[in-house]
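> only geometry, no sequence info:
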């Protein structure tokens, strides 16, 4: 998505310390790709500590085009610590949950959100709605790719139908529609991979919400 890259580039031109905030990024595959392949600064928020350098070597590197693999291998031949050093320069992690409570209580997490150029939630499960709400609060570009709905855990979610009636959010499709209803500036995109591939996104701009 061009606007996602442009949003980060705009922020980076103004602030050297801006970063992509990768929420619920698990083992760190997305963080590894962004930091090593796109030379972006990434802050991962996940309660499980991630070994991003190892993830890059085992999960990301073998999937890269051959010319990229050869280039990395040449760098490693000259400096066996090349990947670890680059990850160390570009990557940081907050080992914590990303939810309303954490956003209220953690000054470190608040600062990470406020200084982010882009917030990403790739199958972020229970953190998905919190990402959207935080992006709205701080006017941050974001993309979430919803996966699990957890209707029993989040039983206060209701989708407003065209006739004004409300129905509880139980399905993946309803969850996507529910997130879209939060702000008319949000967009829905189908991403080019299999599985749960509906992206809900916003460029952080677009004037007043309707």
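Received the coordinates, thanks. No experiment lies behind these values; they were computed from the predicted model shown. Numbering: from 1, shown residues only.
> Name the single longest strand found in the chain.
Longest strand of the chain, by residue count under DSSP state E: strand 116-122.
> Direction included, what does it pair against?
For strand 116-122, the pairing partners within the sheet under DSSP bridges are strand 19-23 (parallel), strand 142-145 (parallel).
> moving C-terminal of it, what's the next helix or strand?
helix 128-138 (DSSP states H and E).
> State the mean pLDDT of that next one.
Per-residue pLDDT over helix 128-138 has a mean of 96.
> That one - contacts with which helices or strands?
Secondary-structure packing of helix 128-138 (3 or more CB pairs under 8 Å, 6 or more residues apart in numbering; DSSP states H and E): helix 100-105, helix 107-114, strand 116-122, strand 142-145, helix 172-180. Placement of C-beta: from N, CA and C, glycine included.
> just how off-centre is the last one within its chain?
Helix 172-180 has its C-alpha centroid displaced from the chain centroid by 18 Å (CA atoms, centre = their mean, to the nearest Å).
> For the residue most central in space within the chain, list the residues it contacts.
Residue closest to the mean C-alpha point of the chain, counted by CA atoms, centre = their mean, is residue 120 at 1.4 Å. For residue 120, the contact set (CB atoms under 8 Å, 6 or more residues apart in numbering) comprises 20, 21, 22, 23, 25, 30, 142, 143, 144.
> burial count for the fourth one?
The one in question is residue 23. By other CB atoms under 10 Å, the residues close to residue 23 number 26.
> for the chain, what spans make up the helices?
Taking DSSP state H as the criterion, the chain carries its helices at 2-14, 29-32, 52-55, 66-78, 82-90, 100-105, 107-114, 128-138, 172-180.
> Take the ones you listed and write them to TSV, including distance to residue 165.
Converted to TSV, the helices of the chain look like this (distance: least, CB to CB, whole Å):
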stretch	distance to residue 165
helix 2-14	34
helix 29-32	38
helix 52-55	46
helix 66-78	52
helix 82-90	48
helix 100-105	27
helix 107-114	34
helix 128-138	21
helix 172-180	13
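> ranking those helices by burial, who's on top?
Neighbour counts (mean count of other CB atoms under 10 Å) averaged over each of the helices of the chain peak at helix 29-32, with a mean of 24.
> packing partners for that one?
Checking 3+ CB pairs under 8 Å, 6+ apart, helix 29-32 ends up next to helix 52-55.
> give the contact list for the residue of the chain most remote from its centre.
The C-alpha centroid of the chain is most remote from residue 163, which lies 33.7 Å away (CA atoms, centre = their mean). When contacts are counted by CB under 8 Å, 6+ apart, residue 163 touches no other residue.
> Return the set of buried residues in stretch 135-154.
Buried residues in stretch 135-154, counted by 16 or more other CB atoms under 10 Å: 135, 136, 138, 140, 141, 142, 143, 144, 145, 146, 147, 149.
> and of those residues, the nearest to residue 34?
residue 143 (12.6 Å; CB to CB).
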